[in-house]
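Participant: Quick one, what's the 3D model for this:
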Amino acid sequence: MAEWQTLLLWLVIGHVIADFYLQPMSWVHDRNNRHFKSTKVVWHSLVHGVLGFIALAAWQHNYDFGINSAAFGYATLITISHYIIDIAKSYSSKGVVPFLVDQAAHLLVILCITLNLSKPFSLSEQLLLFITTPTNLIIGLGYLLVLTPASIMIRMLLERWAYMGNEQESLPQAGNLIGQLERVLLLTCILIDSWAAVGFILAAKSVFRFGDLTASKDRKLTEYVMLGTLVSILVTLSVAGLIKSLIS
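Facilitator: Residues are numbered from 1 along each chain as shown. Take a look at the predicted model:
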C-alpha cells in the first residue's frame, strides 16, 4: 500500500471514530441549539484534532519520517476546520443533503492534508489512472445507466399498463428509489459473480412483496409489480452482460 493511501485511511478512520462513535447525541443537540455558543462542539473538534494528531504521528513514525511539527500543525487544521464546518452545518436544515455536504467538506480537508504531506504526483497519477482506465469508465457508465435512464425506460415501457392505485398509501417516489437500489445491488453482484447474492436479493424482495400483494387482493397491482420487477431485472442483466463483454 502506498504511503498516501495509509495516511488517507488512518485520517478517515479517525474521522469516522470521532464523528460517529465519540460524539454523544447530547453534543449534537447542543451544537444545533446553541450554535457557536456551544462548548460541546469545541470538545468534539478537539477530539478530532487529537485523533488526527495520532494518525499523523503514527504515519510519520511508521515511514521513518520522524515525528515533527507538521503533525501538530495539520492536527490543528483538522480541529479548526471541523469546528467551522460543524458550526455552519448547525444553521442548516436537517436532512441527508446537509449531512452529505458536511461529510464531504470534512473529507476534502483530509484529502488536502494527504496531498500536502504525501507524494502528490503519485496520488494524482493514480487518481488519473483510475478515472481514465477504460474498464472503470465502462463500469461507471453501467451504474449510471441502471439508475435514472433505466427508471425512465421502465416507466415508458409500462406506461400503457400504468396502475392507478391509491398513491397515498405509499411513500413518494419510494417505488422508483427501491427499483434503482435493486438494480445497483443486482449489477454489483453480477459484476463480482456473486449469483447467490442475486438470488437472495430477488427472494427477499419477493417475500416482502408477497404479503402486500396478498393483502391487497388486486390482480392488476400484482401483474403491474411483476412486470416492473421482471423488466428491471432484464435491464440490469442486459447492462451487466454488455459490461462483461466489453471488459473481457
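
Participant: what packs against the longest helix that the chain contains?
Facilitator: Taking residue count as the measure and DSSP state H as the definition, the longest helix of the chain comes out as helix 219-247. Using 3 or more CB pairs under 8 Å, 6 or more residues apart in numbering; DSSP states H and E as the contact test, the elements touching helix 219-247 are helix 134-145, helix 148-157, helix 174-191, helix 195-216. Using the backbone N, CA and C atoms, a C-beta is placed for each residue, glycine as well.

Participant: So for residue 91, which of those helices sits nearest?
Facilitator: Comparison of the helices and strands packed on helix 219-247 against residue 91 by CB to CB identifies helix 174-191 as nearest, at 28.3 Å.

Participant: can you pull the buried residues of that closest one?
Facilitator: Within helix 174-191, the residues that qualify as buried are 179, 180, 182, 183, 185, 186, 187, 188, 189, 190, 191, counting by 16 or more other CB atoms under 10 Å.

Participant: Pop the domain breakdown of this protein in here.
Facilitator: The record's domain parsing of the chain by automatic domain parsing lists 3-131, 133-247.

Participant: lowest-confidence helix or strand of the chain?
Facilitator: Scoring the helices and strands of the chain by mean pLDDT, DSSP states H and E places helix 120-132 at the bottom, with a mean of 70.

Participant: residues contacting the residue nearest to residue 91 when sequence neighbours are not counted?
Facilitator: Here the nearest residue to residue 91 in space, its sequence neighbours aside, is residue 35; by CB to CB, 6 or more residues apart in numbering that works out to 6.5 Å. Contacts for residue 35 (CB atoms under 8 Å, 6 or more residues apart in numbering) come out as 87, 90, 91.

Participant: Highest neighbour count among those residues?
Facilitator: Counting neighbours by other CB atoms under 10 Å, the top entry in the contacts of residue 35 is residue 90, with 19 neighbours.

Participant: Give me the neighbour count for the closest residue to residue 223 other than its chain neighbours.
Facilitator: Here the nearest residue to residue 223 in space, its sequence neighbours aside, is residue 161; by CB to CB, 6+ apart that works out to 7.6 Å. Taking other CB under 10 Å as the criterion, the count of residues near residue 161 is 11.

Participant: For the spatially most central residue of the chain, pull up the helix or strand it's in.
Facilitator: Centroid-nearest residue in the chain: residue 100, 8.8 Å away (criterion: CA atoms, centre = their mean). When secondary structure is defined by DSSP states H and E, residue 100 falls within helix 96-117.

Participant: rank the domains of the chain by pLDDT, which is bottom?
Facilitator: Taking each of the domains of the chain in turn, the one with the lowest mean pLDDT is domain 133-247, at a mean of 80.

Participant: picking that back up, Provide a list of residues in contact with the residue nearest to residue 223.
Facilitator: Here residue 161 is in contact with 223, 224, 227 (criterion: CB under 8 Å, 6+ apart).

Participant: Would you mind measuring from it to residue 178?
Facilitator: According to CB to CB, to the nearest Å, residue 161 stands 19 Å off from residue 178.

Participant: wouldn't residue 146 be in contact with residue 183 here?
Facilitator: Yes: Residue 146 is in contact with residue 183 according to CB atoms under 8 Å; the separation is 4.0 Å.

Participant: Quickly list what's touching both of these two.
Facilitator: Going by CB under 8 Å, 6+ apart, residues that sit against residue 146 and also against residue 183 are 235, 236.

Participant: and residue 69, how many neighbours?
Facilitator: The tally of other residues near residue 69 (other CB under 10 Å) stands at 7.

Participant: Leaving out the residues flanking it, which one is nearest to residue 135?
Facilitator: Nearest residue to residue 135, sequence neighbours excluded (CB to CB, 6+ apart): residue 247, at 4.8 Å.

Participant: count of neighbours near residue 127?
Facilitator: By other CB under 10 Å, the residues close to residue 127 number 10.

Participant: Tell me how far it lies from residue 113.
Facilitator: 16 Å.

Participant: likewise residue 106?
Facilitator: Here the criterion is CB to CB. By it, residue 106 lies 11 Å from residue 113.
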